[in-house]
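J.: the sequence isn't on hand, but the structure is:
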(Lines give C-alpha, C1' and ligand atoms only; values in the text may rest on other atoms or scores of the structure.)
Protein backbone atom coordinates (compact mmCIF):
# COMPACT_ATOMS: atom_id res chain seq x y z
CA UNK A 1 0.00 0.00 0.00
CA UNK A 2 1.27 3.40 -0.92
CA UNK A 3 -1.10 5.24 1.41
CA UNK A 4 -3.04 6.85 -1.42
CA UNK A 5 -6.40 6.35 0.24
CA UNK A 6 -8.21 8.97 -1.84
CA UNK A 7 -7.33 7.09 -5.00
CA UNK A 8 -8.29 3.82 -3.31
CA UNK A 9 -11.72 5.26 -2.39
CA UNK A 10 -12.27 6.20 -6.05
CA UNK A 11 -11.54 2.62 -7.08
CA UNK A 12 -13.76 1.34 -4.27
CA UNK A 13 -16.63 3.42 -5.68
CA UNK A 14 -16.16 1.64 -9.01
CA UNK A 15 -16.18 -1.76 -7.34
CA UNK A 16 -19.31 -0.85 -5.39
CA UNK A 17 -21.02 0.28 -8.61
CA UNK A 18 -20.30 -3.12 -10.14
CA UNK A 19 -20.80 -5.33 -7.08
CA UNK A 20 -23.45 -3.36 -5.20
CA UNK A 21 -23.73 -4.64 -1.65
CA UNK A 22 -21.77 -7.77 -2.54
CA UNK A 23 -18.91 -9.48 -0.81
CA UNK A 24 -16.17 -8.16 -3.10
CA UNK A 25 -17.15 -4.54 -2.50
CA UNK A 26 -17.46 -5.21 1.22
CA UNK A 27 -14.00 -6.84 1.40
CA UNK A 28 -12.34 -4.01 -0.51
CA UNK A 29 -14.02 -1.46 1.75
CA UNK A 30 -13.04 -3.39 4.88
CA UNK A 31 -9.37 -3.53 3.89
CA UNK A 32 -9.43 0.17 3.03
CA UNK A 33 -11.07 1.07 6.35
CA UNK A 34 -8.49 -0.93 8.26
CA UNK A 35 -5.42 0.28 6.36
CA UNK A 36 -6.52 3.93 6.33
CA UNK A 37 -7.09 3.97 10.08
CA UNK A 38 -10.87 4.36 9.84
CA UNK A 39 -11.37 1.06 11.70
CA UNK A 40 -8.48 0.65 14.15
CA UNK A 41 -8.11 -2.62 16.02
CA UNK A 42 -10.33 -2.79 19.09
CA UNK A 43 -12.65 -0.08 17.85
CA UNK A 44 -16.39 -0.56 17.33
CA UNK A 45 -15.78 0.06 13.60
CA UNK A 46 -13.30 -2.85 13.47
CA UNK A 47 -15.71 -5.15 15.32
CA UNK A 48 -18.49 -4.18 12.88
CA UNK A 49 -16.25 -5.28 10.00
CA UNK A 50 -15.77 -8.66 11.66
CA UNK A 51 -19.48 -9.05 12.46
CA UNK A 52 -20.80 -7.98 9.05
CA UNK A 53 -22.72 -10.86 7.43
CA UNK A 54 -21.04 -10.13 4.09
CA UNK A 55 -17.71 -11.04 5.63
CA UNK A 56 -16.45 -14.61 5.54
CA UNK A 57 -14.29 -16.65 7.90
CA UNK A 58 -11.44 -16.17 5.45
CA UNK A 59 -11.98 -12.39 5.41
CA UNK A 60 -12.37 -12.17 9.18
CA UNK A 61 -9.14 -14.10 9.65
CA UNK A 62 -7.33 -11.82 7.22
CA UNK A 63 -8.46 -8.71 9.07
CA UNK A 64 -7.32 -10.19 12.38
CA UNK A 65 -3.94 -11.17 10.95
CA UNK A 66 -3.53 -7.69 9.47
CA UNK A 67 -3.73 -6.22 12.98
CA UNK A 68 -1.61 -8.97 14.57
CA UNK A 69 -4.42 -10.86 16.30
CA UNK A 70 -3.07 -14.36 15.64
CA UNK A 71 -5.36 -16.11 18.13
CA UNK A 72 -8.60 -14.76 16.70
CA UNK A 73 -7.40 -15.02 13.09
CA UNK A 74 -6.47 -18.67 13.59
CA UNK A 75 -9.84 -19.39 15.22
CA UNK A 76 -11.61 -18.13 12.08
CA UNK A 77 -9.36 -19.99 9.66
CA UNK A 78 -9.51 -23.27 11.61
CA UNK A 79 -13.23 -23.34 10.74
CA UNK A 80 -12.69 -22.87 7.00
CA UNK A 81 -14.49 -25.31 4.72
CA UNK A 82 -15.28 -25.43 1.01
CA UNK A 83 -14.70 -22.15 -0.83
CA UNK A 84 -13.09 -20.54 2.22
CA UNK A 85 -10.52 -23.30 2.46
CA UNK A 86 -9.86 -22.98 -1.27
CA UNK A 87 -9.32 -19.25 -0.78
CA UNK A 88 -6.75 -19.96 1.93
CA UNK A 89 -5.00 -22.41 -0.37
CA UNK A 90 -4.82 -20.10 -3.38
CA UNK A 91 -4.75 -16.57 -1.99
CA UNK A 92 -3.02 -16.78 1.39
CA UNK A 93 0.45 -16.03 0.03
CA UNK A 94 -0.81 -12.91 -1.77
CA UNK A 95 -2.28 -11.49 1.43
CA UNK A 96 0.45 -12.42 3.90
CA UNK A 97 2.51 -9.32 3.10
CA UNK A 98 -0.37 -7.25 4.58
CA UNK A 99 -0.28 -9.17 7.85
CA UNK A 100 1.23 -7.51 10.91
CA UNK A 101 4.87 -8.22 11.66
CA UNK A 102 5.40 -11.58 13.30
CA UNK A 103 2.14 -13.20 12.17
CA UNK A 104 3.53 -15.32 9.33
CA UNK A 105 6.35 -16.74 11.43
CA UNK A 106 4.21 -17.16 14.55
CA UNK A 107 4.14 -20.84 15.59
CA UNK A 108 0.36 -20.76 16.11
CA UNK A 109 -0.16 -19.42 12.58
CA UNK A 110 2.14 -22.04 11.04
CA UNK A 111 0.54 -24.85 13.07
CA UNK A 112 -2.94 -23.71 12.02
CA UNK A 113 -1.88 -23.72 8.35
CA UNK A 114 -0.63 -27.28 8.74
CA UNK A 115 -3.85 -28.19 10.55
CA UNK A 116 -6.02 -26.98 7.65
CA UNK A 117 -3.68 -28.57 5.11
CA UNK A 118 -2.01 -25.55 3.48
CA UNK A 119 1.14 -25.13 5.57
CA UNK A 120 4.75 -26.15 5.41
CA UNK A 121 3.98 -29.88 5.48
CA UNK A 122 1.76 -29.46 2.40
CA UNK A 123 4.46 -27.42 0.65
CA UNK A 124 7.06 -30.08 1.45
CA UNK A 125 4.74 -32.81 0.10
CA UNK A 126 4.19 -30.88 -3.15
CA UNK A 127 7.92 -30.32 -3.55
CA UNK A 128 8.53 -34.06 -3.16
CA UNK A 129 5.86 -34.77 -5.78
CA UNK A 130 7.52 -32.37 -8.22
CA UNK A 131 10.89 -34.04 -7.64
CA UNK A 132 9.39 -37.48 -8.20
CA UNK A 133 7.63 -36.44 -11.41
CA UNK A 134 10.48 -34.34 -12.82
CA UNK A 135 11.79 -37.14 -15.09
CA UNK A 136 8.33 -37.42 -16.64
CA UNK A 137 7.27 -33.75 -16.73
CA UNK A 138 10.65 -32.09 -17.26
CA UNK A 139 9.72 -29.62 -14.51
CA UNK A 140 12.42 -29.13 -11.93
CA UNK A 141 12.13 -27.45 -8.54
CA UNK A 142 13.49 -23.97 -8.24
CA UNK A 143 16.59 -23.59 -6.14
CA UNK A 144 14.80 -21.08 -3.91
CA UNK A 145 13.36 -22.72 -0.84
CA UNK A 146 9.96 -21.36 0.21
CA UNK A 147 9.69 -19.52 3.52
CA UNK A 148 6.14 -20.76 4.16
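T.: Sure, I can see it. Computed from a predicted structure; not experimentally measured.

J.: so which strand or helix has the residue nearest to residue 30 when sequence neighbours are not counted?
T.: Distances taken as C-beta to C-beta, 6 or more residues apart in numbering place residue 49 nearest to residue 30, at 4.7 Å, with adjacent residues excluded. For glycine as for every other residue, the C-beta is placed from the backbone atoms N, C-alpha and C. Assignment of secondary structure by DSSP states H and E places residue 49 within helix 44-51.

J.: in that helix, what's buried?
T.: For helix 44-51, the neighbour count (16 or more other C-beta atoms under 10 Å) marks 46, 49, 50 as buried.

J.: could you give me the average pLDDT of stretch 77-89?
T.: Mean pLDDT, stretch 77-89: 89.

J.: and it, which residues are buried?
T.: Of the residues in stretch 77-89, those buried under the neighbour-count criterion (16+ other C-beta under 10 Å) are 77, 80, 84, 85, 87, 88.

J.: in strands, which of those residues appear?
T.: Mapping those onto strands (DSSP state E) picks out no residues; all lie outside.

J.: ok, these vs residue 15, which is closest?
T.: Distance ranking of those against residue 15, using C-beta to C-beta, places residue 87 first at 17.8 Å.
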